[in-house]
Every structure is written in C-alpha cells, then in structure tokens.
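*Asks:* Just a sequence and a predicted model for now, questions to come.
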Amino acid sequence: MAYVYLIGQNGDSDYYKIGSTRASDLNKRIKQLQTGNSNQLYLKHSFQTDTPFKLERMLHFYYNQSHELNEWFGMTKEQINAFIPTCERLQSTIDSLMGNPYFNDKKCRQNENESLLE
C-alpha cells in the first residue's frame, strides 16, 4: 500500500506539498523532506491508495490554479479541508478507468505526448 499526502509548514505559510510515497512510514518521508526545508514540516492529511502516482498527478492537475513551485501549492482552508474527499472522488475516477487499456498503457500515453509536441 502507498499514500498521497499533504504536508504543511509551520509558520504563516499557506503552502502545502502534495506528494506520494510507497513508504509505509510517512514520518520517515517527512524527515527526508525536512532536510531541504528551513521551516518545520508536518503531515496535514494522508490518503492510502494502490495508485499513488496516478492520484498524485490528478491532484496536481486538480489544484493547478493554486500551484506555486514544483509540488508546492498555495491552498485555502477550504481546499485543505476538502483534500480527503477530493482524493476519494479522484480515486473513484481512477478505479473506474483501471479496466481501460489506454489508461494503463504507458506506450499509448507516450505516443500521445510525442504527437502533442509535433
């Protein structure tokens, strides 16, 4: 099992990191991220999933208007409070598409991306 997570920073920051990990110990992941951050990090939310990378990508698209830098997003309290229901809704979409060979075929997605660049 794996997780997508929402990590915040202590202080006056409204920036949150949306990420994913296959690690079972989320505190270990926070310690890894803490190394490169001067603000104290904390786990705000986590959501257990079998498809962490697909869900993380969908979350990044969903919160695109709040995107700041890399995997950091400026989020409102409403967005933060809705993180788990949003994960549940997007996970349901992923689950419904898992039987679709195009959704799961990396080669098809790669060809699609290449044609978009032409």
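*Replies:* Received, thanks.
*Asks:* So which bits of the longest helix seen in the chain are buried?
*Replies:* When the chain is scanned for its longest helix (criterion: DSSP state H), the result is helix 83-97. Residues of helix 83-97 classed as buried by neighbour count (16 or more other C-beta atoms under 10 Å): Phe83, Thr86, Cys87, Leu90, Gln91, Ile94. To be clear about C-beta, it is placed using only N, CA and C from the backbone, and glycine gets the same treatment.
*Asks:* who touches the fifth one in this structure?
*Replies:* Contacts for Gln91 were tallied using C-beta atoms under 8 Å, 6 or more residues apart in numbering; they are Phe47, Thr49, Thr51, Leu55.
*Asks:* swap in the fourth one?
*Replies:* For Leu90, the contacting residues are Leu55, Met58, Leu59, Tyr62, by C-beta under 8 Å, 6+ apart.
*Asks:* And these, which is closest to Gly36?
*Replies:* Of all these, Leu59 has the smallest distance to Gly36: 21.2 Å, by C-beta to C-beta.
*Asks:* quick one: that closest one and Ser38, what's the gap?
*Replies:* 25 Å (C-beta to C-beta, to the nearest Å).
*Asks:* So which of the two has more stuff around it?
*Replies:* Neighbours per residue (other C-beta atoms under 10 Å) separate Leu59 from Ser38, with Leu59 holding more: 22 against 7.
*Asks:* Find the residue closest to that one in space, skipping its chain neighbours.
*Replies:* Nearest residue to Leu59 in three dimensions, chain neighbours excluded: Ile18, at 5.1 Å (C-beta to C-beta, 6 or more residues apart in numbering).
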